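Asker: just need the structure, nothing else, for what follows:
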Amino acid sequence: QVQLVESGGGLVQAGGSLRLSCAAYGSILAIDDMSWYRQAPGKQRELVATITSGGLTNYADSVKGRFTISRDNPKNTAYLQMNSLKSEDTAVYSCKFRIKGRVAWFFDDYWGQGTQVTVSS
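Answerer: Residues are numbered from 1 along each chain as shown. Model (predicted):
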């Protein structure tokens with residue numbers, strides 16, 4: 001009933017920028033937190049950034065000052081603007097939204113399919 005679709009990944013040189021998008025589709029009543037995670041090969045998945053329904057943001061220390069998370073509520077979309085990219089930012093980036101569907105009693109977590117970001121040094 002709810003699907004998250006990501007876009008915007010790719011290959012970029014160190015120091016460059018990329019913008020990721022994640023849009024939610026389906027029978028949606030409300031969206032609470034929107035988050036971006038990443039997982040590099042051989043490493044655990046880590047939380048990169050979160051934006052609350054009220055617009056409050058939180059970032060991993062490793063991306064503070066370089067990444068910006070934002071949301072467009074009418075479009076049910078979150079963005080991750082990534083600047084000054086480093087080789088250590090290479091990972092699969094996935095979005096996670098906390099969504100209450102129109103026929104659901106509670107909020108539940110939904111994940112995007114993941115998009116590869118590769119930063120060449």
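Asker: from now on I want contacts and neighbour counts done on CA atoms only, so please keep to that.
Answerer: Will do.
Asker: how far away is the most centrally placed residue in the chain from Trp105?
Answerer: Compute the mean C-alpha point of the chain, and by CA atoms, centre = their mean the closest residue is Trp36, 2.9 Å away. As defined by CA to CA, to the nearest Å, Trp36 lies at a distance of 25 Å from Trp105.
Asker: Gln3 too?
Answerer: Counting by CA to CA, the separation of Gln3 from Trp105 is 18 Å.
Asker: name the residue in these two with the higher neighbour count.
Answerer: Neighbour count, other CA atoms under 10 Å: between Gln3 and Trp105, Gln3 has more, with 16 against 8.
Asker: got the CA positions of the helix or strand that contains Leu29 in PDB?
Answerer: Per DSSP states H and E, Leu29 falls inside strand 28-39. The C-alpha coordinates for strand 28-39 follow below in PDB (Å, rounded to 0.1, in the frame of the first residue of the first chain):
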ATOM      1  CA  ILE A  28      -0.800   7.700   3.300                       C
ATOM      2  CA  LEU A  29      -2.500   9.600   6.100                       C
ATOM      3  CA  ALA A  30       0.600  11.100   7.800                       C
ATOM      4  CA  ILE A  31       4.400  11.000   7.700                       C
ATOM      5  CA  ASP A  32       6.400  11.500  10.900                       C
ATOM      6  CA  ASP A  33      10.200  11.300  10.800                       C
ATOM      7  CA  MET A  34      12.000  11.000   7.500                       C
ATOM      8  CA  SER A  35      15.500   9.600   7.700                       C
ATOM      9  CA  TRP A  36      18.500   8.700   5.500                       C
ATOM     10  CA  TYR A  37      20.700   5.800   6.300                       C
ATOM     11  CA  ARG A  38      23.800   4.400   4.600                       C
ATOM     12  CA  GLN A  39      25.700   1.200   4.500                       C
END
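Asker: so which residues make contact with it?
Answerer: Strand 28-39 is contacted from outside by 2, 45-53, 71, 76, 78, 80, 91-102, using CA atoms under 8 Å, 6 or more residues apart in numbering.
Asker: what sits against the nearest residue to the residue nearest to the centre of the chain once chain neighbours are set aside?
Answerer: Spatially, and ignoring its direct neighbours in sequence, Trp36 is nearest to Cys95 (4.4 Å; CA to CA, 6 or more residues apart in numbering). By CA under 8 Å, 6+ apart, Cys95 lies in contact with Leu4, Glu6, Cys22, Met34, Ser35, Trp36, Tyr37, Trp111, Gly112, Gly114.
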